[in-house]
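Colleague: This is the structure alone, sequence omitted:
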């Protein structure tokens, strides 16, 4: 009785496994099953070839095998060509990426030609959840000093907080410890833009003057007040405005122009008028 | 000699943890929140190798992290040293055989580390107090740390007992037998 029961369970399990295999195989893309195709064809093809040879001999036609030889040669040539093309494509991708980086540098230089600047790469990003700093590959040896402004193609990144001989630590504007005095480009009202823990991809604009009329999409740029950031560097755009009971407490969120998750190349302003 | 090899292994493990935290977990996040592998690492050292190693490594490695990426130097070192000390305290008072107690230890250490660090930043860097956002991040971070501990617990235990044999074995005094 026990044996039968055991056999029964084994059968059910085996059936389920077979069923699952069938379901998986029938739902899998044929292209992904090429290895199975290979196994099957390895077993079947010699027999198939033998039978076809016999058939052709009987019919007095053996040109089929000559065609196979030609096809095999052609296939090998095409494979070699394909691998060469793939290699070329990889080289092209590398050149393309280098070209994009250089273009970024040129764009940055053109855009901020009033400032003397130095290009740099981001080599390290913050590992914590409560701060947002990056490390760049230029330092004291390149003339970098504390409190220098760092920008990217799209706008303001932050400022240098410490320097070693070969690297510099940059506190970004989305860091909770950063506060930038800014102006709304349309109305010229002065506001304070700060990083926030709530959404680390957005900035919070506070101290909005009571008579200021700000609108969604208004551009925000540095005011030049405070001594760190030069005037007129784009920070971002107003995303949402939050009204409170007390108008002095109203605030807005600013979407930074720079995508800090993809930040790779920056420019350090070494001198500005 | 064994101790030197163990410490070299711990330093190599720290580098692995550092690169995991800096690269892999910078995109493998829960709602944009990263875990804190350093807390798990130092707590594990304190728990198995004792407070002396825990405090020293916590202090050195924390200071290294601060020098590399921190906005101020010292707080990470001090807090990781406290976590290292906490490891031995937990070891004396709770069982590390159970997965549940290890999970609770990690939650406790993460809360302690992050709350004190955040309070320090509020006073030192004059950042705004955002209690709701902070608690949200802290809860997710503690949860993430716990999940990681659940996954790596068997490996942690094996490596931990190997460390314990090296650093704590002399505490068993044969003269009592």
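Modeller: Arrived safely, thanks for sending. All of these numbers come straight from a predicted model, not from anything done at the bench. Numbers count the residues shown, from 1 in each chain, chains lettered A, B, ... in the order given.

Colleague: Can you name the element that comes right after the lowest-mean-pLDDT helix or strand in chain B?
Modeller: When the helices and strands of chain B are scored by mean pLDDT, DSSP states H and E, helix B:25-27 comes last with a mean of 85. Helices and strands here follow DSSP states H and E; after helix B:25-27, the next one along the chain is helix B:37-49.

Colleague: check whether the helix or strand following that next one contacts chain A.
Modeller: Helices and strands here follow DSSP H and E; after helix B:37-49, the next one along the chain is helix B:51-69. Yes - contact of helix B:51-69 with chain A (C-beta under 8 Å from any C-beta of the partner chain) involves B:65, B:68-69. All C-beta spots, glycine's among them, are computed from the backbone N, C-alpha and C.

Colleague: Check which helix or strand residue A:158 maps to.
Modeller: If you go by DSSP H and E, residue A:158 is part of strand A:156-163.

Colleague: Mind jotting down where the strands sit in chain A?
Modeller: Shown for chain A, the strands assigned by DSSP state E span residues A:116-125, A:133-136, A:149-151, A:156-163, A:168-172, A:179-184, A:190-195, A:203-206, A:219-222, A:234-242, A:251-256, A:265-271.

Colleague: hmm, the second one touching chain B?
Modeller: When you say that, I think you mean strand A:133-136. Yes - Strand A:133-136 lies in contact with chain B when judged by C-beta under 8 Å from any C-beta; the contacting residues are A:133, A:135.

Colleague: tell me which residues of that strand are tucked away?
Modeller: A:133-136 (16 or more other C-beta atoms under 10 Å in any protein chain shown).

Colleague: Adjacent strands (with direction) for it?
Modeller: If you go by DSSP bridges, strand A:133-136 pairs up with strand A:116-125 (antiparallel), strand A:168-172 (antiparallel).

Colleague: mean pLDDT lowest for which of those strands?
Modeller: Of all the strands paired with strand A:133-136, mean pLDDT reaches its minimum on strand A:116-125 (a mean of 87).

Colleague: Centre of the chain to it, how far?
Modeller: Taking the mean of its C-alpha atoms, strand A:116-125 sits 18 Å from the chain's own mean (C-alpha atoms, centre = their mean, to the nearest Å).

Colleague: contacts for it?
Modeller: The set of residues external to strand A:116-125 that reach it, using C-beta atoms under 8 Å, 6 or more residues apart in numbering or on different chains, is A:105, A:108-109, A:133-138, A:142-144, A:150-151, A:167-168, A:263-272, B:22, B:26, B:68-69.

Colleague: which parts of chain A sit against chain B?
Modeller: Taking C-beta under 8 Å from any C-beta as the criterion, the contact residues of chain A with chain B come out as A:124-131, A:133, A:135, A:161, A:169, A:171, A:175-177, A:194, A:196-198, A:200.

Colleague: Hmm, residue B:127 and residue B:121 touching each other?
Modeller: Yes - here residue B:121 reaches residue B:127: they are 5.6 Å apart, a contact under C-beta atoms under 8 Å.

Colleague: Give me the distance between residue A:175 and residue B:71.
Modeller: 8 Å (C-beta to C-beta, to the nearest Å).

Colleague: and what of residue A:234?
Modeller: Distance check for residue A:234 against residue B:71: by C-beta to C-beta, it reads 25 Å.

Colleague: One more: residue B:49?
Modeller: Residue B:49 sits 30 Å away from residue B:71 when distances are taken as C-beta to C-beta.

Colleague: Look at the two and report which has more neighbours.
Modeller: It is residue B:49, of residue B:49 and residue B:71, that has more neighbours when counted by other C-beta atoms under 10 Å in any protein chain shown, with 26 against 23.

Colleague: Now residue A:199: phi and psi?
Modeller: Dihedral angles phi and psi of residue A:199 (degrees, to the nearest 10) take the values phi -140, psi 110.

Colleague: Please name the nearest non-neighbouring residue to it.
Modeller: For residue A:199, the nearest residue in space outside its immediate sequence neighbours is residue A:253; the separation is 7.6 Å by C-beta to C-beta, 6 or more residues apart in numbering or on different chains.

Colleague: give me the beta-bridge partners of residue A:238?
Modeller: With beta bridges defined as DSSP bridges, residue A:238 has these partners: residue A:254.
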